[in-house]
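In: output the structure for:
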Amino acid sequence: MSRALTIRDLPREERFAPGHRMCQGCGAAILMRHITKALPKDTIIVQATGCVEVTTTLYPETSWMNPWLHIAFENAAAGASGVEAAIKVLKKKGQLPPGKEVRVVAIGGDGGTFDIGIQALSGMLERGHDILYIVYDNEAYMNTGIQRSGATPFGAWTTTTPVGKVWHGEWRRKKDIIGIALAHRVPYVATVNPAYLPDLYAKVSKAMSIKGPKLIHAFSPCVPGWRYEPALTITIAKMAVQTGMWINYEIENGVLNVTTPVPKRKPVREYLKLQGRFRHLTDEEINTIQKFVDEQVAYINKLAGKEVIGPVEA
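Out: Predicted coordinates for the structure are as follows:
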């Protein structure tokens, strides 16, 4: 059995330059820094409009040291599909050096993935493009004013799910983007969290070694949208795993594996109380969220080590 990665094993080279305009404590900034460490230098990154795009590419500057393409909010997966197809044509024509591997990664936020980009994502997965799609999930449209998205969790305050006499935050449950990807029978899907960087690095590296469409769902705390102090980003990210609000796992060739076991979970209240977006919740609502989490953890644990979908297509 190979030794598990540690922080000391991660590359020192930086591929995501400092000086960007992302918020202090931004979870997505941590994610981008370490995702790019795991990507080959020739990887082309296709980025949807969103928080990360607008804060890392203010003309004439950029934080991206990989080849990088900005695409519209809704079609990062479609743009990446075109890039991947073009690379195949260049290889066929002999216009790329023999043996040179140029990989493609698409990156989008939850709004550009769960909602307005889901058609392009589904098409990319269905057609079988050799692309890794990474969604950084800050659970609302943070770039445009903290409006709810399909990734907004039950009970959360947003500007479009306000807290008042009629509404008491988001009343719907978070969309299952992993389940949607699995319905396309892709060879690899995974979840990652910025509090567990060796796990993140290992999964991105593994995904890049697998042919076919892949999806990684990344937990991305947001300081202004989640209403917490910037120093608490990693505390909140770790607490999400320790309470079961977020589960680190992967599904490779249909088989599920939990990568960050939690022998004894903490109550979800410990996670919720760290964020202003949940400050309004009643005990009854917190108990409802605890019930949802207990059910999801039991479901994932029941499937661990088992095949959860039929034959996959690479």
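In: every contact and neighbour count from this point should use C-alpha atoms.
Out: Fine.
In: counting by contacts, list what the longest helix anywhere in the chain packs against.
Out: Among all segments of the chain classified by DSSP state H, the helix with the greatest residue count is helix 283-303. When contacts are defined as 3 or more C-alpha pairs under 8 Å, 6 or more residues apart in numbering; DSSP states H and E, helix 283-303 sits against strand 255-258.
In: now whichever helix or strand comes after the strand it packs on: mean pLDDT?
Out: Using DSSP states H and E, the helix or strand that follows strand 255-258 in sequence is helix 269-272. Taken as a whole, helix 269-272 has a mean pLDDT of 98.
In: how about helix 269-272: buried residues?
Out: Neighbour-count burial for helix 269-272, counted by 16 or more other C-alpha atoms under 10 Å, picks out 269, 271-272.
In: if you drop the residues flanking it in sequence, what lies closest to Glu84?
Out: Nearest non-adjacent residue to Glu84, counting by C-alpha to C-alpha, 6 or more residues apart in numbering: Val104, 6.4 Å away.
In: just the helices in the protein please.
Out: 27-37, 51-56, 76-92, 118-127, 177-182, 197-209, 223-226, 233-243, 269-272, 283-303.
In: look up how far Lys291 lies from Ile107.
Out: 32 Å (C-alpha to C-alpha, to the nearest Å).
In: between those two, which has more neighbouring residues?
Out: Ile107 (27 against 12; other C-alpha atoms under 10 Å).
In: quick one: residues contacting the more buried one.
Out: Neighbouring residues of Ile107 by C-alpha atoms under 8 Å, 6 or more residues apart in numbering: 45-48, 76, 133-136.
In: can you pick the most crowded of those residues?
Out: Ala76 leads the contacts of Ile107 on contacts (other C-alpha under 10 Å) with 30 neighbours.
In: how close does that residue get to Tyr136?
Out: Noted for Ala76: a distance of 13 Å to Tyr136, by C-alpha to C-alpha.
In: who touches both of the two?
Out: Residues touching both Ala76 and Tyr136 (C-alpha under 8 Å, 6+ apart): 107-108.
In: quick one, grab the pLDDT at Ile309.
Out: 83.
In: burial measure for the residue nearest to it when sequence neighbours are not counted, as a count.
Out: Nearest residue to Ile309, sequence neighbours excluded (C-alpha to C-alpha, 6+ apart): Gly254, at 5.1 Å. Residues contacting Gly254 under the criterion other C-alpha under 10 Å number 21.
In: surely Gly254 touches Gly305?
Out: No - between Gly254 and Gly305 there is no contact under C-alpha atoms under 8 Å: 9.9 Å.
In: follow-up on the earlier one: okay, the helices of the chain in JSON lines with distance to Asp9 next?
Out: Output for the helices of the chain, formatted as JSON lines (distance: least, C-alpha to C-alpha, whole Å):
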{"stretch": "helix 27-37", "distance to Asp9": "12"}
{"stretch": "helix 51-56", "distance to Asp9": "26"}
{"stretch": "helix 76-92", "distance to Asp9": "30"}
{"stretch": "helix 118-127", "distance to Asp9": "32"}
{"stretch": "helix 177-182", "distance to Asp9": "28"}
{"stretch": "helix 197-209", "distance to Asp9": "8"}
{"stretch": "helix 223-226", "distance to Asp9": "29"}
{"stretch": "helix 233-243", "distance to Asp9": "20"}
{"stretch": "helix 269-272", "distance to Asp9": "29"}
{"stretch": "helix 283-303", "distance to Asp9": "29"}
